[in-house]
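Visitor: Okay, sequence plus prediction incoming.
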Amino acid sequence: MALYHFDMRDDDRFYPDDQGTELDGGIAAARIVAFATLTDYIQGRLPETDSARRVAVEVTDGNHKPLMAAVVTVELVPAYHSEPPG
């Protein structure tokens, strides 16, 4: 089993995962947890403004070495009542 940390970044706010999670399955398992964590985090948080918001789960190993990040941009855009421009 390997230890991974799943730090959250929501625009300028940073929420470190000080405890970490031990996983079997290596980096593939960490990837699944990163996307699941990201999905859970954004599900209950509506954008506060119309501005785009970048949310990320930054995955590091047990020594806090960066491995990957799961990133999504959340943005509210107006609905088109006719054909979109372009």
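Guide: Arrived safely, thanks for sending. Numbers count the residues shown, from 1 in each chain.

Visitor: for the chain, what spans make up the helices?
Guide: Assigned helices in the chain, in chain order: 26-43 (criterion: DSSP state H).

Visitor: quick one: low-confidence parts of it?
Guide: Screening the chain residue by residue with the criterion pLDDT under 70, one finds the ranges 46-49, 81-86.

Visitor: separation between Ala52 and Tyr4?
Guide: According to C-beta to C-beta, to the nearest Å, Ala52 and Tyr4 sit 28 Å apart. For every residue, glycine as well, the C-beta is placed using N, CA and C.

Visitor: count of residues packed around the nearest residue in space to Glu22 that is not next to it in sequence?
Guide: Excluding the flanking residues, the one nearest Glu22 by C-beta to C-beta, 6 or more residues apart in numbering is Met1, at 4.4 Å. Burial measure for Met1: 10 neighbouring residues, criterion other C-beta atoms under 10 Å.

Visitor: about what we covered before: higher neighbour count, Ala52 and Tyr4?
Guide: Set side by side, Ala52 and Tyr4 show unequal neighbour counts under other C-beta under 10 Å, the larger going to Tyr4 at 22 against 12.
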